[in-house]
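**Student:** sequence-free structure coming up:
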């Protein structure tokens, strides 16, 4: 039975050898050589150090194209024109499904035709040398971003390739991304990823790990996201990770977002071991964007404003072309610069909003309920507790496509636009907290003159892309 | 000696006939016919009613081109694509200088070549019928915006032409716009404009008047702007105006901007007669914009956020192309929609920021000092008081090009980014208030490790276009 | 007696929000809903329709590959002996394809009704009631008219 | 003994912020500043330079018409008997003109130095001190080195 225990060194070596045989480029991974390579990197490329020593929120976009030279050019552009502080390398979908052969075909076709036949950078296929060429070319830290349930080979190659930050985790890259991977399976695989990062850490190469906070990206109640962040942080810490960036996706209510980021930082430091350096990352709105770029800039502006007030360590930016999918590099840079301008204009201002402490207190209480039920479900073991709590529905994520979560809990905004829980299903929560949510949603129903119903949920899901925060019924809105 | 007294009816008629003879189109003005025309307009075109009955901030852009058909097309576009609630017609520079012959040549050249040979709509040359064709074509209220020291003929023609709102005033369209027009002269001319608006008002056609709040647009301390707004409101009220929209230009510090708009509304209602309906308009940042459109969108985003919190009755929007000058209609619409999105997402949220009441109290005390000195300078007459107070420097506007103001007072931001007064010159103010400003600026100097100097002023003037709010010395900023 | 609808997102598509809302809407409207979730194959739709004796099969697709995912779908249903009303809705074509053309394409593939992504759940429910000749219950009518 | 500089915005230009800052900067640096303000004619510059026996005439222009506003300016100064250092600064050309070309144009018109709109007041002061062979005072040197 899988538990929250550190993988022994010999087991680490065994799995490492096994997974490196899954694709030809796995042969080139040599741990000692990799440590020496990391040691040769200048301070400006040490992800954990740059992030942890920053005195204001650092900005990072999303970006990945199949060919190495194109990826270098893209990241140089985002660094130079977008003034990104931290850079990403987003991995393609075939690699996320461990389909390295298909990724290889796509990469070769991209090289032949010049078209972007893959939706990201197939780092496994580029291998250790390809990754190092990228790291050598860009004078900034770079993170691997993906969405891979089984990211073991990707981690082995990108760590050896010089990347010092790796997004994802067994829950956050399972529940929102895939239907049929069991939680036990993804936890086991991510224990290896974390253990490998821990092995580098032991040698002085602190690989930064970043659980994916936004989860399904759609009105996720803050306490659910924070509880999952803490669990993934604990699992990583057990395997020896010492630099952990906990994530949170903007819900659009400034008070709730600031309160949630405060709670994330506080509870992260409280629940994770002292030897872990905890940082936070704020994702600009991950739900549906307006099709209109001008309105999209408004959404980005609100994100920047929230970041200026909450001051997370990092902000993942959106672009005005979010609605269309992958943005041009120009639009990606524009999103960075719009965010930068808002943050730099607002961050020196003292903006203390009433009610943040109360909202933070509520979020913390909710999170503790969820953490308690996880520990209880696992008799003190967080791995077993997580699996059992998701299985019983005591822990749940709204709009989860995975069979590993019930996906029965449903959120809706209250009259102030804060995300509350409309349908609790089997989610574990103290009754008095449930009463608070109920009362808030009831006030909204009164305002709108309609009954609380799934219809509010549906309206809220579309609201921001339609130009509002709260999905009010048409008749009470403006024309 | 000119005083704050209503122009008698016979004098009104005499001036009216005189100024209507200044250009051929003046002949077509017939007051009774004009009243009948206004009465025929639908509710959707009644500016004062639409503005005063709105339940959220209405948005209005700036826009004016020489040819009538182009102006109709432009306003239709801004209404349809930009979703502007209120529309403008910005007048050309020749008309502002009463050079109707030059405006005529420009208009004829525009008609021949199709080029925009004037920088606005020459309403006097288009005459009453031209204006009415514009009013008939657009299903929204339209305001005349200009910058004309002597706007008597422009008012006579545009009022008869169906416009129901008219920007400007004797101080706000003198001090920031022109060097050599005396204040006594512009006050006399604007008394006629207001008296004419009052004559329509008496007949049930409430012409809305809007003093130009941003003044020189560059770090104007809120109390100076508010005092001038109150004076212009009083002058208009004396002449019979009953719908007055007091203006304020964003300084970029959210607390100070919200406090200033609150103070503007409160003091406006307090100082103006009860029979006047007072509304407020917030101008998005009127100082230098970043050359980069993405960064400009950040500035607009902060403006929208401030508007959502302060909830003025109207917002004058900026476009991402502000730096280049006159924006394309697409960019103008984009500025409207970015602002709308931010406001609509934030306005339903309860965002109460600490310190607004204190800042508002300070602004109110400062404004009362200035109002007191104006009344004292004029022995109770606001017209004489204004002239004398500007003459002595007891009332002053920073960066005023006009010879009618000393322009000796200088602003600088404090450590929180609020606009304070660095050089008082002869501005009348209680000593304890001066001490507050001095202490705030001293704190900034400490932070920056430099002495208070004009250098801060220069740095602050450029700061927002350079990407920050406060003009910190390079060495303490980020790289 | 309540009627059963089978609901799912076809192909490799993992967009779950839409069907979650549809599930809630059809349940609230009195239907028995079998929600197959995301990434559902043609065969899984057919099996579920047979197993639950479904009156309707509602297919959702949002990632732009609906046309290829639905090739041969109605033959699979027929071979399994499914005789249900079939609807499809979502972002059914990549790019700025005119919706009428998209509707014809999916009608030809055998769907009884085709909806775009802007459709309210209520419209789909009303359509299904019409197709299955069900009347709203008394209490629902009261809600509608209130 | 302090030296006198005449300062103004030439032509119909009404941009006042720049010269306000220059006025403060030159005053703080120990010069006697005669600020003529905005919309100043060539003749007004010449008259003021004569009346105050100015060592330098500093012209500002930000609205893009500097070249036409300055045609014949140095002849006007010469006719009035002005023998002063002349500087011009601001946005001196409309559009994306390369600055070196702009500098040559205004040097040819007779200006001793030409500055773009990004120039710090300190740079202009340092240049003027060099041209007039003035050394910073003791206290100013202390400020500069601190």
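**Tutor:** Yep, it's here. Treat the numbers as computed from the prediction; the structure is a model and nothing was measured. Numbers count the residues shown, from 1 in each chain, chains lettered A, B, ... in the order given.
**Student:** Now do residue A:357 against chain B, distance only.
**Tutor:** According to CB to the nearest CB, to the nearest Å, residue A:357 and chain B sit 12 Å apart. Yep, even glycine has a C-beta here, placed from its N, CA and C like the rest.
**Student:** Revised request: answer the last question for residue A:110.
**Tutor:** From residue A:110 to chain B the distance is 29 Å (CB to the nearest CB).
**Student:** And for that residue, nearest residue in space, chain neighbours not counted?
**Tutor:** Residue nearest to residue A:110 in three dimensions, not counting chain neighbours: residue A:66, with 4.2 Å by CB to CB, 6 or more residues apart in numbering or on different chains.
**Student:** who's in contact with that neighbour?
**Tutor:** Residue A:66 makes contact with A:92, A:106-107, A:110, A:116-118, A:120-122, according to CB atoms under 8 Å, 6 or more residues apart in numbering or on different chains.
**Student:** just residue A:396 next, same as before
**Tutor:** Neighbouring residues of residue A:396 by CB under 8 Å, 6+ apart: A:224, A:390, A:405-409, A:425-427.
**Student:** which of those count as buried?
**Tutor:** Among the contacts of residue A:396, those classed as buried by 16 or more other CB atoms under 10 Å in any protein chain shown are A:224, A:390, A:405-409, A:427.
**Student:** how about the residues of the stretch 101-250 of chain A near chain D?
**Tutor:** Residues of the stretch 101-250 of chain A lying near chain D by CB under 8 Å from any CB of the partner chain: none.
**Student:** which residues in the stretch 101-250 of chain A form helices?
**Tutor:** Along the stretch 101-250 of chain A, the segments classed as helices by DSSP state H, counting those that start in this stretch run A:123-137, A:152-160, A:183-202, A:222-238.
**Student:** For those, give me TSV that also has mean pLDDT.
**Tutor:** Below are the helices of the stretch 101-250 of chain A laid out as TSV (pLDDT from 0 to 100):
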stretch	mean pLDDT
helix A:123-137	98
helix A:152-160	98
helix A:183-202	98
helix A:222-238	98
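**Student:** Quickly list the domain ranges of chain A.
**Tutor:** Domain assignment of chain A by automatic domain parsing yields the ranges A:9-346, A:362-476.
**Student:** Any chance of those in JSON lines with distance to residue B:138 as columns?
**Tutor:** Shown next, in JSON lines, are those (distance: least, CB to CB, whole Å):
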{"stretch": "domain A:9-346", "distance to residue B:138": "21"}
{"stretch": "domain A:362-476", "distance to residue B:138": "23"}
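**Student:** Mean neighbour count, these: which tops it?
**Tutor:** Highest mean neighbour count of those: domain A:9-346, a mean of 22 (counted as mean count of other CB atoms under 10 Å in any protein chain shown).
**Student:** so which strand or helix has the residue most central in space within chain C?
**Tutor:** Taking CA atoms, centre = their mean, the centroid of chain C lies closest to residue C:58, which sits 1.7 Å from it. In this structure, residue C:58 sits in strand C:56-61 according to DSSP states H and E.
**Student:** Are that strand and chain A in contact anywhere?
**Tutor:** No - figure legend: strand C:56-61 not in contact with chain A (CB under 8 Å from any CB); closest approach 11.9 Å.
**Student:** Where does pLDDT dip in chain C?
**Tutor:** Residues of chain C that meet the criterion pLDDT under 70 lie in C:1, C:94-97, C:135-146.
**Student:** For chain C, which segments count as helices?
**Tutor:** Remark: helices assigned in chain C by DSSP state H are C:17-28, C:42-51, C:66-70, C:73-79, C:99-108, C:121-132, C:138-145.
**Student:** now for the fifth one, which elements pack on it?
**Tutor:** Applying 3 or more CB pairs under 8 Å, 6 or more residues apart in numbering or on different chains; DSSP states H and E, we find helix C:99-108 packed against helix C:66-70, strand C:113-116.
**Student:** now do 10 Å
**Tutor:** When contacts are defined as 3 or more CB pairs under 10 Å, 6 or more residues apart in numbering or on different chains; DSSP states H and E, helix C:99-108 sits against helix C:66-70, strand C:85-90, strand C:113-116.
**Student:** Any idea which residue of chain C lies closest to chain A?
**Tutor:** The nearest approach of chain C to chain A comes at residue C:24, 3.5 Å away (CB to the nearest CB).
**Student:** dump the residue contacts of that residue.
**Tutor:** Contact analysis of residue C:24 by CB atoms under 10 Å, 6 or more residues apart in numbering or on different chains lists A:410, A:422-423, A:453-455, A:457-458, C:33, C:35, C:121.
**Student:** Quick one: mean pLDDT over the lengthiest helix in chain A.
**Tutor:** Criterion DSSP H: the longest helix present in chain A is helix A:356-377. Regarding helix A:356-377, the rounded mean pLDDT is 98.
**Student:** For chain A, give the residue positioned nearest to chain C.
**Tutor:** Residue nearest to chain C within chain A: residue A:454 (3.5 Å; CB to the nearest CB).
**Student:** Got phi/psi on that residue?
**Tutor:** Per-residue torsions, residue A:454: phi -50, psi -20 (degrees, to the nearest 10).
**Student:** so it makes contact with residue C:17?
**Tutor:** No - here residue A:454 lies out of contact with residue C:17, judged by CB atoms under 10 Å, at a distance of 11.9 Å.
**Student:** can you list the residues of chain A near chain C?
**Tutor:** When proximity is defined by CB under 10 Å from any CB of the partner chain, chain A lies next to chain C at A:93, A:97, A:176-180, A:216-219, A:287-288, A:325, A:398-403, A:407-408, A:410, A:422-423, A:449-451, A:453-455, A:457-459, A:461-462.
**Student:** In helices only, show me the residues you listed.
**Tutor:** Under the assignment DSSP H, the residues of chain A next to chain C contribute A:93, A:454-455, A:457-459, A:461-462 to helices.
**Student:** quick one on the thing from earlier: show the contacting residues for the residue of chain A closest to chain C.
**Tutor:** A:410, A:412, A:422-423, C:20-28, C:121 are the contacts of residue A:454 under CB under 10 Å, 6+ apart.
**Student:** So of those residues, which two are at opposite extremes in space?
**Tutor:** Spanning the widest gap among those are A:412 and C:26, at 18.4 Å by CB to CB.
**Student:** Chain neighbours aside, what residue packs nearest to residue 20?
**Tutor:** This is for chain A. Nearest non-adjacent residue to residue A:20, counting by CB to CB, 6+ apart: residue A:26, 3.1 Å away.
**Student:** hm, I was asking about chain C
**Tutor:** Distances taken as CB to CB, 6+ apart put residue A:399 closest to residue C:20, at 5.4 Å, once the chain neighbours are dropped.
**Student:** didn't the one you found look like it was pressed against residue A:224?
**Tutor:** No - if you go by CB under 10 Å, residue A:399 and residue A:224 don't touch, sitting 11.3 Å apart.
**Student:** residues shared between the contacts of these two?
**Tutor:** Any residue near both residue A:399 and residue A:224 by CB under 10 Å, 6+ apart counts here, and that gives A:215-216, A:409, A:411.
**Student:** which stretch of helix or strand covers the closest residue to residue A:58 other than its chain neighbours?
**Tutor:** Once flanking residues are discounted, residue A:58 sits nearest to residue A:85: 3.8 Å by CB to CB, 6+ apart. Taking DSSP H and E as the definition, one finds residue A:85 inside no helix or strand.
**Student:** for residue A:85, what are its contacts?
**Tutor:** Residue A:85 is in contact with A:50-51, A:54, A:56-60, A:79, A:140-141, A:314-315, A:336, A:340, B:478, counting by CB under 10 Å, 6+ apart.
**Student:** Also residue A:464?
**Tutor:** A:219, A:250-252, A:285, A:287-290, A:295-296, A:298-299, A:302, A:470-471, B:341, B:344-345.
**Student:** which ones are touching residue 102?
**Tutor:** No chain in the question, so chain A it is. A:92-95, A:118, A:122.
**Student:** wait, I meant chain C there
**Tutor:** C:66-67, C:88, C:91-93, C:114, C:116.
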